[in-house]
Structure formats: structure tokens, C-alpha cells
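Undergrad: Next input, structure requested:
(chains A and B)
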Number of protein chains: 2
Amino acid sequence: MSETQKLLMLPGPTNVPPRVMRAMLKPLIGHRGPEFKELFNKLLSKTKKVFETKGDMFILTSSGTGATEAALQNITDDGDKIIVNVNGFFSERLGEAIKAYGGKPVILGSEWGKAPRVEDFEKIVKANPDAKALAVVYNETSTGVTVRALERLGEMCAEHDMLLMVDAISILGGDKLPVDDWNVDMCVTASQKCLMTPPGLAFISVSDKAWTKIKSKKINRSYYLDLQMYQKYIQDGYTPFTPAVTLLYALNEACDMILEEGLPARYERHRICAEAVYNGMEAMGLGLYAEKESRSHTVAAVNSPMGMDEGKVRELIRTKYGIDFGGSLGKAKGKMFRVGIMGNVGSADIMTTVGAIGSATSELGFKAKVDEGLEAARETLSRLPGKVN
Amino acid sequence: MSETQKLLMLPGPTNVPPRVMRAMLKPLIGHRGPEFKELFNKLLSKTKKVFETKGDMFILTSSGTGATEAALQNITDDGDKIIVNVNGFFSERLGEAIKAYGGKPVILGSEWGKAPRVEDFEKIVKANPDAKALAVVYNETSTGVTVRALERLGEMCAEHDMLLMVDAISILGGDKLPVDDWNVDMCVTASQKCLMTPPGLAFISVSDKAWTKIKSKKINRSYYLDLQMYQKYIQDGYTPFTPAVTLLYALNEACDMILEEGLPARYERHRICAEAVYNGMEAMGLGLYAEKESRSHTVAAVNSPMGMDEGKVRELIRTKYGIDFGGSLGKAKGKMFRVGIMGNVGSADIMTTVGAIGSATSELGFKAKVDEGLEAARETLSRLPGKVN
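TA: Presented below is the predicted three-dimensional model:
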């Protein structure tokens, strides 16, 4: 195993600040003692601030998928209709997963690289007034597409007595998502994305409206992901099952850094960094996978030029420049690569990234206008306030 | 949060060697790249050695309960009978959990502190020849009781075309459990016990016989714990969902230490350390919760003397001696405390533990024969070969 520190411009895991890494070495504690209780209470309070919610918060030992499963499984009775937008690999997975929980996914499909519009959601909600929930993949990580209509969808669900479940795995902490203000009933994320913590933890916020449905659920098909069990234990300050304590230490430090920076500044930093990537790529002559109005501020999908195999571009950048990008998945396979812009990311990371993409695609035979790309990125990043890295 | 390093004589999490803790600070890597593949393949091979299996191995990001859920959920169709021994808090939980997976638990109950005998298992297996599996809690963590008949149960299940699923969460790596030799079809454990790794990872071994049942399962009710999905990804060297990479680093180091020591030496060390605790307690005048023939080598349940509240004993030892013990659960509540003897444990830890229990119970008014307890422990520990801590 190489010990070289790579620049992780992946759509997760992301670069974890040294301060957060070091926190993992705090002395281990038991999870049924007073030290744990103190730590866990602090974490619940800090994560609620990051989610902007006064609802309940659950921290699971699992990947993000474990938490979307906990969210959906706990509100789905056999045969329940759940509407879900499908416009990429992960939203496709979510649609499939709903079936496993006994639900009937009602798919709002749209082309990969595009997001459905408010009108599309309105239409499908009207056509399925008996649907129990609308599940929205706020940021489709596989295509770099954000559903910008989310705030309006919250209002719609509130009007329709429908739950709004949001998969915010690759966006929460990097872009606006005030859970309570936007009427999000269940919001899910994971540690290794914009929360800049190592992978292994996942999060679910739960509103009162969601609790009503959870408590009326007829059969619980999971023990490990039973939110009522978590709720029972959390009242005493504990988790029902052994939690990943070293990761909780890291999370605690990461939350402090997030709250020290402040959410608005943090979102602005992500937005400017993402725009610098987009502007840099376009000025260089590279195409972007996502439609302009839906481009994510946390993951940029860049088309591989001239039909070049994206795997080759990434491999060259990985080995020669020490930067890791994400590959393409599902039906986008081979066509584009993905640049994560999440968490601990600033000017230096973006400039290095843009330069490496220009240089590597040039080496592979594409006439990248590297100068112009770098200039566009630099110009965009000049809007970043103060010290950013 | 206090930064003091406590001696964790808990039945999990246990004392993680500094070498294992430090491994978590290796540079983070993406879980879809070649470095991950190399690491993960090594880990599968090392953990299979620890399980003594040539079957399949799955490493989940979850607590042990997540892995028992994955094991049982993947072999249970609606209405399937699963026989399970219930003799403590965790086996009770397992019986409950089987219902969540659509199964019908057939309970082989026995008094807390005791283990069912081979004859009891034979009788219930004969009475339920249609049961699909026998689930055995090899080591009931809440009472410090080991089912010593396990090897024979494997033969029985092999004869009856019944699967043997073993919950070995609090024992694997600390006591004998050659998975293939003993015909164990699915063996489950977790990182934070005898594997001396921080919490957050869990393990399942799967035999060919178990695969036949898994593949014939009619409905998969989980996506996150779907073993067929794990199997599909593992063929390329990956996990289907984001794994807890920092914990995998720690596990890699812990496996090296385990294999360097050797399994027989490791089991012997655990056995002698446990006996030193038992002998020390008895010589001191303290009672033990578990019947002699079933006493665990990885967790010792010690009766609180004179009806003394066990919480008070533990609190005094925690604050004055810096040692953490486990409390009592369920129907044993208040009556006893539990000493974990797991993983990174040796002479010094045991002597400190025995001394602290003697001193603290004396302070609380019990006439502990501390001298005799220490002498008995010392004498037992003298059988430990070589350097142990």
C-alpha cells in the first residue's frame, strides 16, 4: 500500500483535514458510559445545526445507503407508493431499493445529466395522490446534477400530506438545505462527503410528520435499522448498537470546523470552487455532462474529450499528478469523469485539478487550451473571500 | 471529554493496540481504485485465516447486529423456522430479530448463566426437522456463557440439512472456532471485541451450503445487507457501498498481530487470563454468574457481593482506578458486572483488574480477601507463556 497522500477530488471519500484525522486517536471509550453520553449529545446538537433542524437526528454506523434504507424502510408499508426521481446511477439504485422495502416506486424519470422540473414533480404528485412519500435525490452524484426545485417540493409535500424524503448524501454541508424551513421530513447524508469525515457514519433527520408514519408502520422488517429502537435508546443518550466511536471523534471535530466557518460561507465557497471547475473546463474546450441550470456545486461531471476513455484520463492523473477523480457509472460508463468538490476544498485544490486535467488530456492528444482554462478558474476563484484552504 | 486513557476491560470495545490505532492515520483512499482493491483482497485473505475458512467472507460497515441481520435475513423466507438458543440479553434480541426478517424463532431457552446441552439441542432439532437453520449464540456476552457443544452442533446440522449460523461476536479471535472444520455455515463477528479493532466493522463467513439457501430466497427485504450484492462486487475486489476505510486500515494491522501471535497461542492466552479472573474472584470471596462448565474465556460475569448495586462498584472502579467494566443487562440488571477479556489483554491488565475489584468492593463494605484473590490470579497467570502484554 502506498503511503503517499493523494489529493482526493472524489465524490467521496473527500480530503479529511488533519485536525479531523488526528481526533480519531483520542482514547477509545465504552459506548454505555458517561463520556460517550456527553460526546453523543454534543454531536446530536452540532449535526442538527448543520442540518438546520430541530427535529430528531440519528447517527448510524453504515454507509449512506444504510441510512436511505433506514429512512425509507421505516416509512414504507407493503404496497405503499413512493415517488422517486430517477436521473442517474444512485437514484436508479434508490428506485430498486424501494421495492426491497415492500414499496412500489413511482418513477419520475429524466435524462441523465438533467433534473426534473417543478412541473414534472407537480404532475406526478397530482397523478399519484395516494403516494405516501416523495423521495428526492437532491444531488445525483453520478451525473453532477442538483434538483434545484427542492424548496418548492417541500411546500408541495406539505400541501399534499405526503412525506418528503431527501437523499442529500453528496451535498449536505456543501449546498443550501435548511431541513425544517424546506419542509424536509427525512434528510439523509453520510460522513465522507461534504462533512469531510472518514467514511462509516450516516445520518437521518426525522420530522414529527415522519414519526406519525413510522409509528403506524405495520411490520418492522429490520432490527438494525429500526428507527423506533434508535429513538428509545437516544432518550438515555445512547445508540442501540455499538457505534463507530473513532469516527464520532472525527465527526465532532469536523462539525466544529463546519460551524466555525458558518454554513452560508461554506456554501458560497463550494459554489465558487465548482464554478471555477466548470469555467475552467469550458474555457479549456472540455464539455460538461450536466445541463447548466442543474449543475451541482459539489460534484462536476466532465466529458471525456474526443471519445477518449475516461478511465485512461483518470489513471494518468492518478499516477502522474497524484489526484483521484471519480469514474463514470451505469449508462455514462466511459464517457465522463467526476470531480468531487466537497468539504475541505479550496483555491489550491481547484487550480491543481484544472491544471492536471488540461495537462493530461493534452498528453493524451486533446488540444486543451490550458492557459485559458487556468485563467478562467483563477478569475472565478478570485471571488473567494479570505483564506480558503 | 476526558483525554485519559482508560483500561477498557469491557466486553467491547476493547483496548486497541497503539499500532492498530496509528494505522487509521494512513492517507485516505478512494474505494473504487487499485489501492483499495489491494488492501481489501489482503483483508479478505487475512480474515479468512482468522475464521479458519475457505468460504466467502464479507466485511460490512455496521455493528455486529448489522451482520447478524445480514446473515439471518439472507437465509430467511417468510415463515421459515429458525431454532435459536436464548439464555441472555443478546440471544433474546436475536430471537426478536428473527421475527423482523419474517422468520419464526423456535426458542431453546435456558436459565441465564447456563448454556443448553447437546441433548437439549438434539431434542429441539428432532422436534423441528423442518427448521431451516440453527442459530447459536456461541458466547452470550450478557452472562459470560459459552455454548461448549458448538462442534457437535455443526455435525448435527450437517446431518440434518440444516444451516448452522453462529453469532460469535464476542468470542471470535479469542476462543476456538474453526469455521470449516466445525461445519459452521455462517459465522458473524465484529471488529471491537477479540479482533482488537475500533468499532464499526462486522464480518460474515458464508459456506456453499448457505449460498444455496441465499440464492433460493424469494424476496430480498434489504438492499444494504443483501449478500448477493456484496458477492457481485467482491468479485471485482470492491464493496457495493462505501466502506469505512480508516477502520479497514486498523483491521489490517490487527489481523497481522493476530496471525503473528498465532491462533492457538491466542486462545490459550485468553483462557488463562479468564481463569485468572475467575480464580481471583473466587479466592476473594466473590461469586460468579455463569455455571462453571460454560464460563466464557472472553467475558467474566462477576456477581456483585452482598446485594451491592453493581453500578456503584463499576462507578468507583471507573473513577478511582481508571478501569471500565460492562454493566448488567435485562433480567440480570444490577446483580453483576462483566469483565471483558478480549483481544489485547495480558497479565498486567488482569492483575490491575483483580486488584481494583478487591479494593473497591472492600471500600464499599465487602470483606474481600484481596491478598488471596491476587495470589490466585498471579498463580494462574504464571502459566502464561512468554511476553504477553
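
Undergrad: Report the contact partners of the residue nearest to A:K193 when sequence neighbours are not counted.
TA: Residue nearest to A:K193 in three dimensions, not counting chain neighbours: A:G12, with 4.5 Å by C-beta to C-beta, 6 or more residues apart in numbering or on different chains. In this view, the C-beta of every residue, glycine as well, is placed from N, C-alpha and C. By C-beta atoms under 8 Å, 6 or more residues apart in numbering or on different chains, the contact set of A:G12 is A:T141, A:I169, A:S170, A:A190, A:Q192, A:K193, A:P199, A:G340, A:M342, B:T242.

Undergrad: Which one of those sits in the busiest neighbourhood?
TA: Within these, most neighbours by other C-beta atoms under 10 Å in any protein chain shown means A:Q192, with 34 neighbours.

Undergrad: Enumerate every residue touching the closest residue to chain B within the stretch 51-200 of chain A.
TA: Nearest to chain B, among the residues of the stretch 51-200 of chain A, is A:G200, at 3.1 Å (C-beta to the nearest C-beta). Each residue near A:G200 by C-beta under 8 Å, 6+ apart is listed here: A:61-63, A:191-192, A:244, A:247, B:61, B:200, B:243-244, B:246-247.

Undergrad: Check A:D349 too.
TA: Contacts here follow C-beta under 8 Å, 6+ apart; on that basis A:D349 touches A:L7, A:M9, A:N15, A:C273, A:N389.

Undergrad: go again using 10 Å as the cut-off
TA: A:D349 makes contact with A:L7, A:L8, A:M9, A:N15, A:C273, A:V277, A:I323, A:V339, A:G340, A:I341, A:V388, A:N389, according to C-beta atoms under 10 Å, 6 or more residues apart in numbering or on different chains.

Undergrad: how far does stretch A:171-185 sit from the chain's center?
TA: Here stretch A:171-185 is found 11 Å from its chain centre; the criterion is C-alpha atoms, centre = their mean, to the nearest Å.

Undergrad: just stretch A:80-99 next, same as before
TA: Distance, centroid of stretch A:80-99 to centroid of chain: 16 Å (C-alpha atoms, centre = their mean).

Undergrad: Buried only: go through the contacts of A:D349 for me.
TA: Burial by neighbour count, judged by 16 or more other C-beta atoms under 10 Å in any protein chain shown, picks out A:L7, A:L8, A:M9, A:N15, A:C273, A:V277, A:I323, A:V339, A:G340, A:I341, A:V388 from those.

Undergrad: So what does the closest residue in space to the residue of the stretch 51-200 of chain A closest to chain B that isn't next to it in sequence have for phi and psi?
TA: Closest residue to A:G200 apart from its sequence neighbours, by C-beta to C-beta, 6+ apart: B:A244 at 3.1 Å. Dihedral pair for B:A244: phi -80, psi 80, per degrees, to the nearest 10.

Undergrad: Double-check B:A244 against A:G66; I have them as touching.
TA: No: under the criterion of C-beta atoms under 10 Å, B:A244 makes no contact with A:G66, lying 11.2 Å away.

Undergrad: Residues in contact with both of these two, list them for me.
TA: Overlap of the contact sets of B:A244 and A:G66 (by C-beta under 10 Å, 6+ apart) consists of A:L201, B:L60, B:T61, B:S62.

Undergrad: Tell me who's in contact with the third one.
TA: So the one you mean is B:T61. Residues in contact with B:T61 (C-beta under 10 Å, 6+ apart) are A:60-63, A:65-66, A:199-202, A:244, A:247, B:200-202, B:224, B:239, B:241-245, B:247-248.

Undergrad: A:E275 now?
TA: A:E275 neighbours (C-beta under 10 Å, 6+ apart): A:R295, A:H297, A:A300, A:I341, A:I350, A:A376, A:A377, A:T380, A:L381, A:R383.

Undergrad: I'd like these laid out as a markdown table, including secondary structure and distance to chain B.
TA: Below are the contacts of A:E275 laid out as a markdown table (DSSP: H, G, I helix; E, B strand; the rest coil; distance: C-beta to the nearest C-beta, whole Å):
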| residue | secondary structure | distance to chain B |
| --- | --- | --- |
| A:R295 | strand | 22 |
| A:H297 | coil | 21 |
| A:A300 | strand | 16 |
| A:I341 | coil | 15 |
| A:I350 | helix | 18 |
| A:A376 | helix | 27 |
| A:A377 | helix | 23 |
| A:T380 | helix | 26 |
| A:L381 | helix | 24 |
| A:R383 | coil | 29 |
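
Undergrad: Excluding chain neighbours, give the residue nearest to A:A71 in space.
TA: Closest residue to A:A71 apart from its sequence neighbours, by C-beta to C-beta, 6+ apart: A:M186 at 4.4 Å.

Undergrad: What values do phi and psi take at that neighbour?
TA: According to degrees, to the nearest 10, the main-chain angles of A:M186 amount to phi -140, psi 120.

Undergrad: Who does it form a beta bridge with?
TA: A:M165, A:V206 (DSSP bridges).

Undergrad: Assess the claim that it and A:G154 are in contact.
TA: No: the pair A:M186 / A:G154 is not scored as a contact, 11.9 Å apart, by C-beta under 10 Å.

Undergrad: Give me the common contacts of those two.
TA: Counting by C-beta under 10 Å, 6+ apart, the residues touching both A:M186 and A:G154 are A:L164, A:V166, A:V179.

Undergrad: Run a quick neighbour tally on the first one.
TA: Think A:L164. Look at A:L164: counted by other C-beta under 10 Å, it has 26 neighbours.
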